[in-house]
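J.: Structure for the following, please:
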Amino acid sequence: MNFLLKTLFFLSIVLCISCNEKQKKANPNELANETSPYLLQHANNPVNWKAWNDKTLQLAKDENKLIVISIGYSACHWCHVMEEESFANDSIAKIMNANFISIKVDREERPDIDNIYMNAVQLMTGSGGWPLNCIALPDGRPIFGGTYFPKEQWEEILLNISKLYKENPKKAIDFATKLTEGIQNSELITLKKDKTEFKDIDVKNAVLNWQQNLDTIYGGSKIDVKFPMPNSLEFLLRYSYQFEDNNIKKQLETTLTKMAFGGIYDQINGGFSRYSTDKKWHIPHFEKMLYDNAQLVSLYAKAYQNDKKELYKTVIEETLGFVNKELTDKNGAFFSSLDADSKNTENKLEEGAYYYFTKQELQHLIVDDYSLFEDYYNINDFGLWEKGRYVLIRNSSNESFAKKHKITTDALSTIIKKWKTILKTARAQKVKPNLDDKVLTSWNALMIKGYTDAYKALKNEDYLKIALKNANFILNNQLQKDGNLYRNYKNGKSTINAYSEDYATLIDAFINLYEVTLDEKWLTASKKLMEVTLKNYFNKENNMFYFTSNKDQKLISRKVKVDDNVIASPNSILANCLFKLSLYYYDSTYTKIAKQMLHNMHDDVLESPSGYSNWLNLMTNYTRPFYEVALVGNKAQNIKNELQNNYIPNIIIVGSTDENEHIPLLKDKFVEDETYIYVCNLGTCKLPQKETKKAIALILK
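T.: Numbers count the residues shown, from 1 in each chain. Predicted coordinates:
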């Protein structure tokens, strides 16, 4: 009997294994093995999706099949639409499976791949976006590309391209050859041997040019679809301050106010969506990205340092409240995003379902003072989205609104808090948007900087603690033993060799963290990371940095990112960091590299300033006075805090409570029982001061 039971048990295991093998063959979609939330969203598609890896690329060559490279990200609304229409469709899947090797790519995990195929689509069509869909030869060279395609159009494209490659492969190969040459040549940066002088008037003229494209009514640029561009706005803040330009100051105030009043800003829970679909910042695509919110916190913090507007303080506090509640892990890491879509009352995914309300819902919720609420948040034609749905939007300050309704601003603030509590409770009954819980080094670095800038402005100790917790998480998990970084962290595992973007943003964040802590650990870490970046990413022929490491897999092109988009380019961030580190350490090599990089970019920066704003920031370091401020003595921390209550964009801060021989700027400056402030320029210091006000006066001269 025992023998019979054992035999039956053995046979059941064999049958189970056989069954699993058949299931694998029946469903060759390999994405279930991935960790990316975006890839996992496609794991049940009938398309035989594969991840980007050597095995997949070799398979395309072995079978001589064209490759479909489909790139997107978890929070992308139109990515979801194309999946539902095409990739979940059996007839479309049948065409793709028969004729193509289909690869899904998370653009946030693999920006190196995205950079190349986005470049290809922009060369072919003049524009780009996500989902990004490219068809390539078996060796990865693209022959066709675009963004979102409706089902019928995608089917036609698949059939036509497949037919072309089978019947006339030479034509496809010739086109791919020319297009790949275009990709490889499109971002070539040459070493500029003529050293052009950096001039103040050039910066002024560049901003004057830029100014023509600014929207004076709603802020931002004169376009109907508006993206917050934090590094551009941050430069305009600096420019308005140092160049005393009241027109730019007014323009910046308009932009910051209208964004904070708009639906792009979540009036209930705080935090910004990716962009607005209209010129008044009202209706966003509702995904909330970590990198936007991180940089916008930094921007509003610096604006608050400058003029102490209560609105800016509210934006900082509410946005960080959102980040802390929705995008922060227990270990201190920051998650990537919240989806644009969530399930509505009919249990169907709908863009913005979590955020909008109907008038009837609001009337039911806001019982006591609905007419006041209706006027404040524009439950009228101004605030209407579509189909009776409203996205809350303001169009007046608390001061003017209180005056209009003959109440005090304190009374209004109390009422607003009550409204928000009611609406938060109501929203909590809705289904939350999906969370993309992968952790990206560069985006976490931006958030470290956001928290440290918020700490500078508001002196909330919790902000500094959160920044330090995340910074230590990065050191403990994303820093490899050989000094290299990882890009990605998910499910307790660090993966993917980092890109120059990760190094650049982390170096910048650590310098910022040093300035608020005066803990030399962070400055030392930033210098070590810069040395690794120079070793693995630097091109000595043109003094620029590649996006990928010399240890990375070779793609059809090795890109050099120089334009400042929503996130500033790794090259401009690194050039600014080299400038600062050269001052901290008296490092002439860093100085030469930073200057050469700016010389290389000089003409592009002045011709298209809005696309190179962080380069303009570096240029201003050379055209206007820039100071090293050394704080030495037992009151160094207090003086540091006093300095950082002010917006002073043209300084670095270095400090110590005792003798310090490691940082050249601090050498021989310590005096027992005294605290001195040294305002220096390129190592030459003015008379030391004891009072913060007097030191600031020296900087403002």
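J.: mean confidence score for stretch 264-281?
T.: Rounded to a whole number, the mean pLDDT of stretch 264-281 is 97.
J.: That stretch: which residues count as buried?
T.: Of the residues in stretch 264-281, those scored as buried under the neighbour-count criterion (16 or more other Cβ atoms under 10 Å) are 264-276, 278-281. (C-beta placed from N, C-alpha, C; glycine too.)
J.: cool, and stretch 209-226?
T.: Neighbour-count burial for stretch 209-226 flags W210, Q211, L214, D215, Y218, G219, G220, S221, K226 (criterion: 16+ other Cβ under 10 Å).
J.: Just name the closest of those to L123, please.
T.: S221 (23.7 Å; Cβ to Cβ).
J.: Test my guess that the closest one contacts N213.
T.: Yes. Applying Cβ atoms under 8 Å, one finds S221 in contact with N213, separated by 5.4 Å.
J.: what is in contact with the two at once?
T.: Here S221 and N213 have S610 as joint contacts, going by Cβ atoms under 8 Å, 6 or more residues apart in numbering.
J.: what's the closest non-adjacent residue to K199?
T.: If the residues on either side of it in the chain are set aside, K199 comes closest to T623, at 6.2 Å by Cβ to Cβ, 6 or more residues apart in numbering.
J.: from the buried residues of stretch 264-281, which ones fall inside strands?
T.: Mapping the buried residues of stretch 264-281 onto strands (DSSP state E) picks out Y275, S276.
J.: Now the closest residue to N99 other than its chain neighbours. Its backbone dihedrals?
T.: Among residues not flanking N99 along the chain, S162 sits closest, at 4.2 Å (Cβ to Cβ, 6+ apart). S162 has phi and psi values of phi -60, psi -40 when expressed as degrees, to the nearest 10.
J.: Pull the number of nearby residues for S162.
T.: A total of 18 residues lie near S162 under the criterion other Cβ atoms under 10 Å.
J.: contacting residues around it?
T.: With Cβ under 8 Å, 6+ apart as the criterion, the residues that contact S162 are L66, I95, N99, F100.
J.: how about those residues, which pair is most distant?
T.: Most distant of those, by Cβ to Cβ, are L66 and I95, 11.7 Å apart.
J.: More neighbours: which of those two?
T.: For L66 versus I95, neighbours defined as other Cβ under 10 Å are more numerous around L66 (24 against 18).
J.: Mind listing the residues bridging to that one?
T.: With DSSP bridges as the criterion, the beta-bridge partners of L66 are F100.
J.: Go ahead and confirm it touches F100.
T.: Yes. L66 is in contact with F100 according to Cβ under 8 Å; the separation is 5.2 Å.
J.: what touches both of those two?
T.: Counting by Cβ under 8 Å, 6+ apart, the common neighbours of L66 and F100 are I135, S162.
J.: Distance check, S127 against M118.
T.: Counting by Cβ to Cβ, to the nearest Å, the separation of S127 from M118 is 10 Å.
J.: To clarify, my last question referred to K199.
T.: Using Cβ to Cβ, one gets 34 Å for the distance from K199 to M118.
J.: contacting residues for the one residue sitting closest to the centre of the chain?
T.: In the chain, the centroid-proximal residue (Cα atoms, centre = their mean) is Y291; its distance is 3.0 Å. Going by Cβ under 8 Å, 6+ apart, Y291 touches S442, W443, L446, V566, I567.
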